[in-house]
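Engineer: Here is a sequence with its predicted model. Questions after.
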Amino acid sequence: MNTIKSIAVSAVRISAGAIFFLNFLAACSALPAPPVHPVVYDFGPGASRVAAQGAALAPQRAPLVLADVESPGLPEGSTALNYRLGYDDAQQLRAYQRARWSQPPGQLVQQSVAVELSAERAVLGYRAAREAAREGNGGLLVLRLELEEFSQVFSSASQSEGVLRLRATLAEPTPQGERLRAQRVFEARQPAPSADAAGGSAALAQAARQVARDVRAWVNQTAP
């Protein structure tokens, strides 16, 4: 009789222990998962090193004022890495949830263009331009850039390309306001090496470098 009673008590203890263990596991599974930090991309370090080497050798051209790049199609300050599904509502701009740019795309494109231009001429911001105007160094031209498209466009689930479209305006400040000198739209399309955020960021970085070179050649022809 005592043996049967001991077995029953042990069974109750085991059941209670099992229930406690299961409750413990359930509580652990209910804890919030640690946040997943997005992968951060930029255009890489190579372009600035190449431009710095070229600046020491290239003849200097007239200084140029580079205005901040405007991105009317993007929320202000957004660092989202965007894509479009060309085969499924291409007008919808989507954003990767676990990837982003290190800075807003307009700032990255502006840096890329500035690096190219600075290989042959001084690139000034508005503060430096105002100081030059106060010192009587007139004749500075202003380059304004508007980022119209900057996204990874998928033609299928496995094929995509980085698409960058940039409107460039070269103007001459006058007492009556800015006088238009030239305007042009630049577009670059670069195939993405993979159908994901890493491939899209690489393709867009390459497209930005291509457009920066094209803008530099155009500015040199327009404002030698």
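Structural biologist: It's in.

Engineer: how close does Ala81 get to Gln103?
Structural biologist: To be clear, residue 81 is Leu; Ala isn't right here. As judged by C-beta to C-beta, to the nearest Å, Leu81 and Gln103 stand 12 Å apart. C-betas here are computed from N, CA, C, even on glycine.

Engineer: okay, the two: which has more neighbours?
Structural biologist: Between Leu81 and Gln103, Leu81 has the larger neighbour count (other C-beta atoms under 10 Å), namely 26 against 16.

Engineer: what pLDDT does the more buried one get?
Structural biologist: At Leu81, the pLDDT value in this model is 97.

Engineer: For it, which residues are in contact?
Structural biologist: Contacts for Leu81 were tallied using C-beta atoms under 8 Å, 6 or more residues apart in numbering; they are 41, 95-96, 99-101, 152, 197, 200-201.

Engineer: Could you rerun that using 6 Å?
Structural biologist: Counting by C-beta atoms under 6 Å, 6 or more residues apart in numbering, Leu81 touches 96, 99-101, 197.

Engineer: swap in Leu143?
Structural biologist: Counting by C-beta under 6 Å, 6+ apart, the residues that Leu143 touches are 64, 66, 170.

Engineer: Now which of those would you call buried?
Structural biologist: 64, 66, 170 (16 or more other C-beta atoms under 10 Å).

Engineer: would you list these in CSV and tack on pLDDT, secondary structure and distance to Arg189?
Structural biologist: What follows is the buried ones among the contacts of Leu143, written out as CSV (pLDDT from 0 to 100; DSSP: H, G, I helix; E, B strand; the rest coil; distance: C-beta to C-beta, whole Å):
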residue, pLDDT, secondary structure, distance to Arg189
Leu64, 91, strand, 27
Leu66, 95, strand, 24
Leu170, 95, strand, 24
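
Engineer: ok, so of these, who is nearest Glu161?
Structural biologist: Closest approach to Glu161 among the buried ones among the contacts of Leu143 (C-beta to C-beta): Leu66, at 27.1 Å.

Engineer: picking that back up, which single one of the contacts of Leu143 is nearest to Arg121?
Structural biologist: Closest approach to Arg121 among those (C-beta to C-beta): Leu64, at 5.7 Å.

Engineer: if I read this right, Arg181 contacts Ala168, doesn't it?
Structural biologist: No - taking contacts as C-beta atoms under 6 Å, Arg181 lies outside contact range of Ala168: 10.9 Å.

Engineer: the more surrounded of those two?
Structural biologist: Ala168 (20 against 14).

Engineer: could I have stretch 151-164 exported to CSV, CA atoms only?
Structural biologist: The C-alpha trace of stretch 151-164 is given here as CSV (Å, rounded to 0.1, in the frame of the first residue of the first chain):
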residue,chain,number,x,y,z
SER,A,151,15.2,52.8,-57.2
GLN,A,152,15.8,49.1,-58.0
VAL,A,153,13.4,48.1,-60.7
PHE,A,154,12.5,44.4,-61.1
SER,A,155,11.5,43.2,-64.6
SER,A,156,10.9,39.7,-63.1
ALA,A,157,11.4,38.0,-59.7
SER,A,158,15.0,37.3,-60.6
GLN,A,159,16.0,40.2,-62.8
SER,A,160,16.4,43.8,-61.8
GLU,A,161,18.4,47.0,-62.4
GLY,A,162,19.3,50.2,-60.6
VAL,A,163,17.6,53.2,-62.2
LEU,A,164,18.8,56.7,-61.5
